[in-house]
Every structure is written in C-alpha cells, then in structure tokens.
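Enquirer: Generate a structure from the sequence data that follows.
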Amino acid sequence: MKALIAAAFGLMLLGPSRPAYSQLTEQDSKFLDSCSENITRKIYSPTKAENCLIGLDENDHALLDRAKSYKEVELSRLMAYMNALKDLGDFYKDAEDEYVIKQGLLVRLEATPCVLCRLELGPQPDKLYKWIDIYAQKKLPDTKKAAMDWDGLTPPAPEQLAARGQSRDAWAGLTISERQSELEAWATEKFDEMLPPGAKGLDTDKYFPTLKAIWPYLTEAQRTRMNEVLNGMKETMAAAKKAAEAGGKKSGALEKKYEALTQKVQGLNASPGGAAGFLNGAFDNSRAGTDTPGPASAKTPAGGSYTLTDAQAAKLSPRVQQALLGPKGELADTAIGKEAIAFTNAPGGELKFSVARLDSDNTRGVFYPSKSEVKVNLTYLETAMRKTGVTADQLMDEKNTDALKKVSRYVAPTFVHEYDGHQKQTAWADSKNIPDHYYIGQETEAFSKGSLFVLQKAQAEQKKGNPYYSTQIAESDVDKAKLLKAEGTAGVGRSVMYYKVPSREGVAAKTFAEYEDLKKELTLRQLAASKNPEEEARIDAARGYGKTTAELNKKYNAIYPWYKESMKKSAEEAKYFQKAIKDLDGEEKSDFVMPGMGG
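Expert: Next up is the predicted model:
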C-alpha cells in the first residue's frame, strides 16, 4: 500500500513526461542571451521584450519549446518579465488620462504576484517613474497625478498630511492604495470638522480650499450631503435676494455671493469621481457584458408600467430564451446566431438562462463561469421595455408575441456577448484542459461577437423589408457594430473600458511568475510523500480548495499550454472576424452602410 501511494504521488507531481534534452544552437543562445540582458542590465525595454516574445513564439513556439527543455525555470522567469514589460509598454501606448493610468497601475503594481515588483518597478509608483521617463515620457505628468504624487497634491493637502505624520520621503514609500487610504482618512477628518452632524451651512471662505482638496477622496454619501448643504445655502441666498428686491433694497452684494457660491459648487462637481464611480460599478467579480447605463425612463403609460417584479422576471425568462434561440427567434437568421444555437447542443453549451436583477444597474448582462449561468439584467430588460414602448402587462401577456419580440430583439446583442462570447470561451478552455483565465481579449471577442450579430441581423432584416433595425436596438450596440465594420476587432478593443481587467500578456506574466514557486512546492511535497506517503496524503486532504497537490500539479502543467493555446486562439479569432466582415459584402474593405444606420 505504501509503495502504491508513493508511486501515485510521484506520477502526480512529475506530470507528463518531458521531451528529450535538447541542446540549443549558438544562434538560439545568442538570441536568449540578448533577451536576458534586457533584464539583467535593467534596460527593461518593452520593444525588446516584444521582439523576444515574437522570436520565441514563431514557427509554432519552436524556440520556446527548445529553451524550455533546456532551462525551464530560467525560461519561465524570463517569460514572466518579458510579458510584464510588453504589457506595460502596450498599456502606456493607449492610456489617455490619469483615471485610466491609475486603474492600470493598480492592476500591474498591486497584483499577486507582482512581476514588475520583482524588477524593482513597484509596488510604489515612484519606482516606475524612471522607466516612464525613458519609454513613455509624455505620460509621466499624468502618471504622477494618478499616483497622487506628493508634489502634485492640491494645497493644503501636503501641509495637513504632514500634521498627520506624513512626509515626502514617507509618502514615496507608499503604494497607490495606501496613498488613497491616507487621503480618504484625511478627507473624512476634515469633512467632519467643517460639516459636523446637523450643520446647515458651511463657512466657504474658511473651508473651501480644503474642501476642494478633499473632494476627490470623499465618499458618495459625503459628497451628496455637502451638495445638499451648499444647495440649501444657495436657496437661502436666492430667497434673501428676492426679498431684498421686493423691499426695494439693493441686492448686488447678495447676487455676487450667490454667483460665487454657484461657481464653487459647479467646480466641485466637475472634479474627478463621477466617471470612476460609474466604471467601478460595472464590475461584479464575474464577466460583465456591456456597461453603459440605460436611457432615461420614459413616461409611464396609462394603464401600465415599465417595471417587473422578480417573480415576473423569473416567469418571463424561458419565454425570452425561446424568443432568442427558437426556430423563428432573433438569432435564427444570422450565421453567428446559428453558431450559438448549435452551441446549445455542444459540450459546455448547456444554457442556464434567466432575467434577474444584478448587483449593478449599469451591467447589461453577465456570465458566471463557476455556475455556467447567463443572466440578462432585469434593469436592462426594463430599459428595453421603455425604449420599445412595451409595458409590463403587454410583456407578461403570453399571447402578445409582438411585445416579446421587441424586447428580445433589444437584448439579443447582449445575450450573444454573454453566451456565444463568454460561455463559449469557458467551454473552449475546458476542451483544452487549461484554465479559463479572464483577460481583456475575452471582452474584445465577446463585444465583437455581439457587434457581428448586429451587422448580420441588419442585413437579414433588410432582406425582409425592415430598414429600421438600428432603431430597434440600443444605440451603443449600433455604434460598436459600426466600429467593428470600420476598424475590426482592434477598434472594438480600444473601446472596451474595462481598465481593471488584465491583458493576455499580464495574465501570462503572472502565471509564468508562479511556475518556479509551484515547481519548488511540488518538489517538496514529492519528497514528503516519498518519506511518509500516508502522512502526506492526510495533510493534502486538509489543504483546502485550490491547494491540494493534484490542483497545484494541474495548474503547474497548464502554464505553458495556456500560453500557447490562448495565443493560437487570438490568431484564429482575428481570422474569423476578418472573414465574417468580408462575407457581409464580399469585399475586404467596402463602403458598406448598415441598413437603417445612415453613413
């Protein structure tokens, strides 16, 4: 029994047999040495890193495989660094403002593991400034603003933070998150000082410079309360001005005070914060679909409403599913729709669909990989009702197929995004026996699929004599479809504002960085199993989800396959969309205009 247990552990730890030892050619060695020097000499060129990855990956990863069979741990370390540098370089090519930069740096400098930190480029943002000055110089000022650099803090922040024990040198040792926390604590302290509970007014002459400085770090509740107080002061001034004028008194001084306060309030609410709050709300630790808020509510019609109860949504769900995927459903007359319908009978394609209320009102739909569930947000379905003029009574009437068709048409692009996009991605990863790592390229693919559906559906509707399809779906879906047609998936990718989601290279950097640690841990466990297999088996059983030897071994053995397969899939996706767009009108590039969409 002991021998059998030990043997089983040995096979599990070692994984699949490695290829025969391969000697690298002189040309191979020179190439890899030049790639290593980019790291060892602390050059950290993102262009060099990208060229090295291209060289390793060409010819079906031929050099990558040869190098792995020679020095796998050293290669994995190098792959982590090169992917991290390429990812950082790509990010700074596209990053346009301080909010985007801040979110991107949080993903890259405060991740676990932090690959850039191993190169001494983090986690403190100050450690990255020299690299930015060399490779992205124009972005350095915005980076310092995003990082809340000491010298860029709005006065009187530095003076008041110093009173709390901070200094320029101490600040340089803090991460972005730690700086944010310090500023939020300071902001709350000052807010409570200037506006204690029950206060109805604010000494703006005394406190406004501080209020302006703390505004970006206040909570939404604090901002709301401050706005209520300031607007109340404006109303009081307006009433006093009106009373003075009615009594024949001059109101010039009151007018000036009123205008001054109005400008101050407008200036505060133009400060950063609104966009950040909206974008953060679009994420719910799952794969979100489109994240634009629905249009403003239309007037509730007489005898009906545009809202549904949770119970009504649950009852409606199978009817919406049928309206989407049925023989005469929204997807049936498009090529990508037929692919989605076929997927329902394929491995991993079992559909668990519902219309349900999600955590964020701004999230249109979501796919939960752990549950294999696709949900369309009830608030988005209600947006569809308002936009199409379908009331709750009409939609819940099972005989009213026209109402169901209108609403289902509106949400169909989101469904394609979640189901034929995200659920199919998970099924693909399962079929390859690799992890379903979430990265921004998956969102680009899912958005592109939703957009391709819109393009194909527009043509199908035009053939049926309906030139108004573009007015029957969300305007943002129309815009994304136009973008796909004009600029391909690259254009769609640039429009996806999910700044907290890592790139494929970012995920690759993290997984390669884990390779060496996993190998060490698995080797230690193998040694323990060889000495006392029963005891190691007992310990392993108590390690918990994701930490057992079998799970670590699976993770370890999937690192290189995931890297190769995900790259191959990206190339196949590009070809798929190029061909699909070409098939729309038979040309690679054309003056094609979507029916009913104008120029």
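Enquirer: what's the neighbour count on residue 539?
Expert: By the criterion of other Cβ atoms under 10 Å, residue 539 has 15 neighbours. No exception for glycine: its C-beta is placed from N, CA and C like everyone else's.
Enquirer: change the start of the numbering to 162 and stick with it
Expert: Okay, residue one is now 162; in that scheme the one you just asked about reads as residue 700.
Enquirer: Got the confidence number for it?
Expert: We have a pLDDT of 96 for residue 700.
Enquirer: try residue 285
Expert: 98.
Enquirer: pLDDT on the helix or strand hosting residue 426, on average?
Expert: In this assignment (DSSP states H and E), residue 426 forms part of helix 413-430. Regarding helix 413-430, the rounded mean pLDDT is 77.
Enquirer: what's that helix packed up against?
Expert: Contacts defined by 3 or more Cβ pairs under 8 Å, 6 or more residues apart in numbering; DSSP states H and E place helix 413-430 against helix 365-375, helix 381-407.
Enquirer: Taking helix 413-430 as reference, get the angle to the shortest one.
Expert: For helix 365-375 against helix 413-430, the angle between stretch directions is 10 degrees (axes from the mean of the first three to the mean of the last three Cα atoms, to 10 degrees).
Enquirer: again with the longest one
Expert: In terms of direction (the same axes, to 10 degrees), helix 381-407 departs from helix 413-430 by 160 degrees.
Enquirer: Name the residues of helix 381-407 that are buried.
Expert: 383-384, 386-387, 390-391, 394-395, 398, 402, 405 (16 or more other Cβ atoms under 10 Å).
Enquirer: just stretch 509-526 next, same as before
Expert: Neighbour count says stretch 509-526 has 510, 512, 514-517, 519, 521-526 buried, by 16+ other Cβ under 10 Å.
Enquirer: Can you tell me which residue sits nearest the middle of this protein?
Expert: residue 659 (3.1 Å; Cα atoms, centre = their mean).
Enquirer: could I get the buried residues of helix 381-407 as TSV with distance to residue 710 and pLDDT?
Expert: What follows is those, written out as TSV (distance: Cβ to Cβ, whole Å; pLDDT from 0 to 100):
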residue	distance to residue 710	pLDDT
383	49	93
384	51	92
386	54	92
387	55	90
390	60	90
391	61	89
394	66	88
395	66	85
398	71	84
402	77	79
405	82	78
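Enquirer: Serialize the residues you listed to TSV and add fields for distance to residue 221.
Expert: Formatted as TSV, the buried residues of helix 381-407 follow (distance: Cβ to Cβ, whole Å):
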residue	distance to residue 221
383	57
384	55
386	61
387	60
390	66
391	64
394	70
395	68
398	73
402	77
405	83
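Enquirer: picking that back up, closest to residue 548 among the buried residues of stretch 509-526?
Expert: Distance to residue 548, by Cβ to Cβ, is smallest for residue 525 among these, at 12.7 Å.
Enquirer: Break down the stretch 162-311 of the chain into its helices, ranges please.
Expert: 163-175, 187-201, 207-231, 233-255, 259-270, 276-279, 290-296, 301-307 (DSSP state H, counting those that start in this stretch).
Enquirer: ugh, wrong one, the stretch 612-760 of the chain
Expert: 636-656, 665-692, 694-702, 710-746.
Enquirer: Save these as CSV, and put in distance to residue 585 too.
Expert: Output for those, formatted as CSV (distance: least, Cβ to Cβ, whole Å):
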stretch, distance to residue 585
helix 636-656, 16
helix 665-692, 17
helix 694-702, 34
helix 710-746, 11
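Enquirer: For residue 196, which of these is the nearest?
Expert: Closest among the helices of the stretch 612-760 of the chain, once you apply Cβ to Cβ, is helix 665-692, at 13.5 Å.
Enquirer: Nothing else from me, thank you.
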